[in-house]
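1. would you be able to build a 3D model of this:
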Amino acid sequence: MLSLRPPRRIARPRARQRGLSIMELMVGAAVGMIVVSGAVLLFAKNVSGSRMLLAETRLNQDLRNAADLVTRDIRRAGFWGNAILGTTAIGGTSVTTQNPYSQVSMPAANEIAYRFSRDSATDNNTLDANEQFGFRLNDGALQMQVGGSWTDVTDKSSVNITTLTVTPTVTQISLGDTCPTVCGIGTPNCPTTTVRSYAVVLHGQSVRDAAVQRSLRSTVRVRNDQVAGACPA
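-> Numbering: from 1, shown residues only. Okay, here's the model as predicted:
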């Protein structure tokens, strides 16, 4: 009996791919650009974050150094080597010699002026030219007065100081109870001591990035209290 079978198919080897199609090339290029763009964006963010962190650190350090200098020097205001001459001597005798260095003033809203003795051996009880000091804000820099001349204490190339305010707190305490004849604050020339403290506020911004701004506040108490008046006779 004759049977019909389908002819066998001869397997032919597949042709090897010798390149990329236009579509595959465009897809690959697009994916590569996305990956590279993400890497570049991440790198740019890291660089920007590092620069901002560096600016913040530099600004904070400059403000801390400036505030520390201001508070340490104002604390010395009123120092007088012969301060005993301005107090009541033993036995109730009143000595009315005034401290020539006691004055602390604010000539302007962003300036403070003060004095203290620099005589090394014996105090001459006279305010000399090199014994007048102060701080002020001038053209974006914190300046310090030493010996009659003003010097920048902050670097204007890295930090711009925009605000300097000094707010005094003055407390007067009666010393009339220590006199042989007791007197009160209302009594003319009754001895008193004045306790003084100052709140210092510094505000600055980074020169590299104006968005980086910081404020620093510190309080300093003058160690040398101001004594005035004399015990009644």
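2. which intervals of the chain have sub-threshold pLDDT?
-> 1-20, 43, 46-50, 86-97, 120-121, 233 (pLDDT under 70).
3. tell me the centre residue of it?
-> Taking CA atoms, centre = their mean as the criterion, residue 63 is the residue nearest the geometric centre of the chain, at 2.5 Å.
4. how about the strands in the protein?
-> 105-108, 111-115, 132-138, 141-146, 149-152, 159-174, 192-206, 213-221, 226-228 (DSSP state E).
5. still on that earlier bit, could you check how far the residue nearest to the centre of the chain is from residue 214?
-> Going from residue 63 to residue 214 by CB to CB, to the nearest Å gives 6 Å. No exception for glycine: its C-beta is placed from N, CA and C like everyone else's.
6. quick check: residue 197 touching residue 169?
-> Yes: between residue 197 and residue 169 there is a contact at 4.8 Å, judged by CB atoms under 8 Å.
7. ok, the two, which is more surrounded?
-> residue 197 (15 against 11; other CB atoms under 10 Å).
8. the closest residue to the more buried one other than its chain neighbours: neighbouring residues, count only.
-> Leaving out its chain neighbours, the residue that sits closest to residue 197 by CB to CB, 6 or more residues apart in numbering is residue 221, at 4.3 Å. Neighbour count for residue 221, taken as other CB under 10 Å: 13.
9. could you do residue 21 as well?
-> 9.
10. quick one: it from residue 32, how far?
-> 17 Å.
11. just residue 213 next, same as before
-> For residue 213, the distance to residue 32 - CB to CB - is 41 Å.
12. same check, this time on residue 160
-> 44 Å.
13. please identify which of these two sits among more neighbours.
-> residue 160 (19 against 10).
14. need the contact list for that one.
-> By CB atoms under 8 Å, 6 or more residues apart in numbering, residue 160 lies in contact with 140, 204-207.
15. which one of those sits closest to residue 165?
-> residue 204 (12.9 Å; CB to CB).
16. what's around the closest one, how many residues?
-> 26.
17. need the contact list for it.
-> Applying CB under 8 Å, 6+ apart to residue 204 gives the contacts 59, 62-63, 154, 159-163, 213-214.
18. of the residues you listed, grab the buried ones for PyMOL.
-> To isolate the buried ones among the contacts of residue 204 in PyMOL, judged by 16 or more other CB atoms under 10 Å, type:
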select buried, resi 59+62+63+154+159+160+161+214
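19. I'd like the contacts of residue 204 written out as JSON lines, with distance to residue 177 added.
-> Shown next, in JSON lines, are the contacts of residue 204 (distance: CB to CB, whole Å):
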{"residue": "59", "distance to residue 177": "50"}
{"residue": "62", "distance to residue 177": "47"}
{"residue": "63", "distance to residue 177": "44"}
{"residue": "154", "distance to residue 177": "46"}
{"residue": "159", "distance to residue 177": "50"}
{"residue": "160", "distance to residue 177": "51"}
{"residue": "161", "distance to residue 177": "45"}
{"residue": "162", "distance to residue 177": "47"}
{"residue": "163", "distance to residue 177": "42"}
{"residue": "213", "distance to residue 177": "50"}
{"residue": "214", "distance to residue 177": "46"}
